[in-house]
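Visitor: Fold the following and give me the result.
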Amino acid sequence: MQYIAALDQGTTSTRCMVFDHNGNVVGVDQREHTQIFPQPGWVEHNPAEIWQRTQGVIAGALAAANIEKSDLAALGITNQRETTVIWDRHTGKAIYNALVWQDTRTDALVRQFAADGGQDRFRAQTGLPLATYFSATKIRWLLDQVEGAQAAAEAGDLLFGTIDCFVAWWLTGGPHGGLHITDTTNASRTLLLNLTTGDWDAELLEIFRIPRSMLPNVRSSSEVYGTCRGQLDGVPLAGILGDQQAATVGQVCFEVGEAKNTYGTGNFMLLNTGERLVQSRHGLITTPAYHFGKQPTWALEGSIAVTGSLVQWLRDNLGIIHSAAEVEPLAASVADNGGVYLVPAFSGLFAPHWRSDARGVLVGLTRYANKAHIARAALEATAYQTREVVSAMAQDSGVELTALKVDGGMVANELLMQFQADILGVPVVRPKVAETTALGAAYAAGLAVGYWANPAELRANWSESKRWEPQMSSDQRDSLYAQWNKAVQRTLNWQE
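Guide: Residues are numbered from 1 along each chain as shown. Sure, this is the predicted structure:
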């Protein structure tokens, strides 16, 4: 019996999961890596540490599943998107730490590029607004700030990649013939890919002064790219998807109008728009949902920067909880938020606002408020931000949500899921396998090697674990949301 492995390289940890044909997990290993904060707004990872963790979790997952590499039919990769690595093609050594998607150090560059044409200057080609979120300005910052980097890049000595690209290069040989590849979903997050042509945009490369020789070859999300070397020697590398697109596949959102919301470090909601490439007018991103076969299937995405990481902030920065699991009972110890609202604009506001000048606020405080109210406000912030995105999607697509499929680590939080249903006014549905990101990467790889015949076969694996029905009146829902919007206004124009 053969299995499919998925490597899930996330913002806070790296995980390897082994799946059987029914989509069940038979082995898993997960290890955190260091979060580096050199100064306010700067977020970095050590690429060498990520590669080290990658090797560790692969070995750990195979051991947990009690299988050998020869039992694997293929490997898929999914990853934190936009995070930017530049490394030496001859040694594999990064020229600087990876700049994480949350990093806001390129705000001045964003304003510089937006001075001619505004925030939507490149939206027609890329589907994206100009923002610190995406890779292009991160590449530009690295080439500007690391001594000799621009000259080395122009000489063909440096490679750029998002994390999938960096890991795939090492898995397939690194300096000794490693494949420099990415897939359409990850390439679309760089602010350099032309969505219409599916290739790097020559005009954008010229504007950002990025040599094309640095960039990986753009491939589909499901094909046999090559074979792994080293500890997975001979295993086909056959699937690559950005983490949120992988979760969309894992949730089998293959029909137009189907949507999923992933609750991780941040929250990311994707709505399948099929063959229709919809340019958003309400602060969303136009993105490939996945690329199987010749053409991508498109989606609208709402990206929220801080949700699960807000719970980490309560633990690590404020110390009001000792573990993430404590946040739910603490929040549940009070009947409501006590008038307290927490807007976590730590890296500015992402969708649908796209305001890099925003900073986090804690408002509505009185002597009545205590740490339980703050914990509850932190959980509710995730639900309110999701409602903002749902509203924008309805305006852009004309499709009203009837239920929301959810996944990710935070969906184990019953209080949050009930409040999410309440504030949306629609059912929230959790699948049997909640960690659908790794599952989606496994599906992409399995389809490429014939382990699964087609997407319809994958749908048969999906099953509902739990459903939360809304219990809040519409008047109460609207009143709470109006207060949230007042709190959001307090975050704006803070950063000069």
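Visitor: CA only for contacts and neighbour counts going forward, please
Guide: Fine.
Visitor: elements contacting the helix or strand containing Trp484?
Guide: Here Trp484 sits within helix 474-489, counting by DSSP states H and E. Applying 3 or more C-alpha pairs under 8 Å, 6 or more residues apart in numbering; DSSP states H and E, one finds that helix 474-489 contacts strand 341-343, helix 414-424.
Visitor: Quick check: which of these is buried the most?
Guide: strand 341-343 (a mean of 27; mean count of other C-alpha atoms under 10 Å).
Visitor: What is the subsequent helix or strand relative to that one?
Guide: Assigned by DSSP H and E, the successor of strand 341-343 is strand 361-363.
Visitor: partners of that following strand, with directions?
Guide: Partners of strand 361-363 in the sheet, by DSSP bridges, are strand 341-343 (antiparallel).
Visitor: Any buried residues in the helix holding Trp484, and which?
Guide: 477, 481, 484, 487-488 (16 or more other C-alpha atoms under 10 Å).
Visitor: Same question for stretch 273-281.
Guide: 273-274, 277-280.
Visitor: Just these: which are in strands?
Guide: Here DSSP state E is the test, and the buried residues of stretch 273-281 give 273-274 as lying in strands.
Visitor: what separates stretch 38-52 from the chain centre, distance-wise?
Guide: 16 Å (C-alpha atoms, centre = their mean, to the nearest Å).
Visitor: circling back: pick the one among the buried residues of stretch 273-281 closest to Asp20.
Guide: Comparing those against Asp20 with C-alpha to C-alpha places Gly274 closest, at 28.5 Å.
Visitor: who touches Thr172 in this structure?
Guide: Shown in contact with Thr172 (C-alpha atoms under 8 Å, 6 or more residues apart in numbering): 178-179, 226-229.
Visitor: all helices of the stretch 51-200 of the chain, in order?
Guide: Using DSSP state H, counting those that start in this stretch, the helices of the stretch 51-200 of the chain run over residues 107-114, 123-126, 135-145, 149-154, 163-171, 184-187.
Visitor: got the ones you listed as JSON lines, with mean neighbour count and mean pLDDT columns?
Guide: Listed next are the helices of the stretch 51-200 of the chain as JSON lines, based on neighbours: other C-alpha atoms under 10 Å; pLDDT from 0 to 100:
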{"stretch": "helix 107-114", "mean neighbour count": "16", "mean pLDDT": "92"}
{"stretch": "helix 123-126", "mean neighbour count": "19", "mean pLDDT": "92"}
{"stretch": "helix 135-145", "mean neighbour count": "20", "mean pLDDT": "97"}
{"stretch": "helix 149-154", "mean neighbour count": "17", "mean pLDDT": "96"}
{"stretch": "helix 163-171", "mean neighbour count": "25", "mean pLDDT": "97"}
{"stretch": "helix 184-187", "mean neighbour count": "29", "mean pLDDT": "96"}
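Visitor: of those helices, which approaches Thr402 most closely?
Guide: Of the helices of the stretch 51-200 of the chain, the one closest to Thr402 (C-alpha to C-alpha) turns out to be helix 184-187, at 26.4 Å.
Visitor: residues contacting the nearest residue to Leu171 once chain neighbours are set aside?
Guide: Distances taken as C-alpha to C-alpha, 6 or more residues apart in numbering place Cys228 nearest to Leu171, at 5.4 Å, with adjacent residues excluded. Contacts for Cys228 (C-alpha under 8 Å, 6+ apart) come out as 171-173, 234-237.
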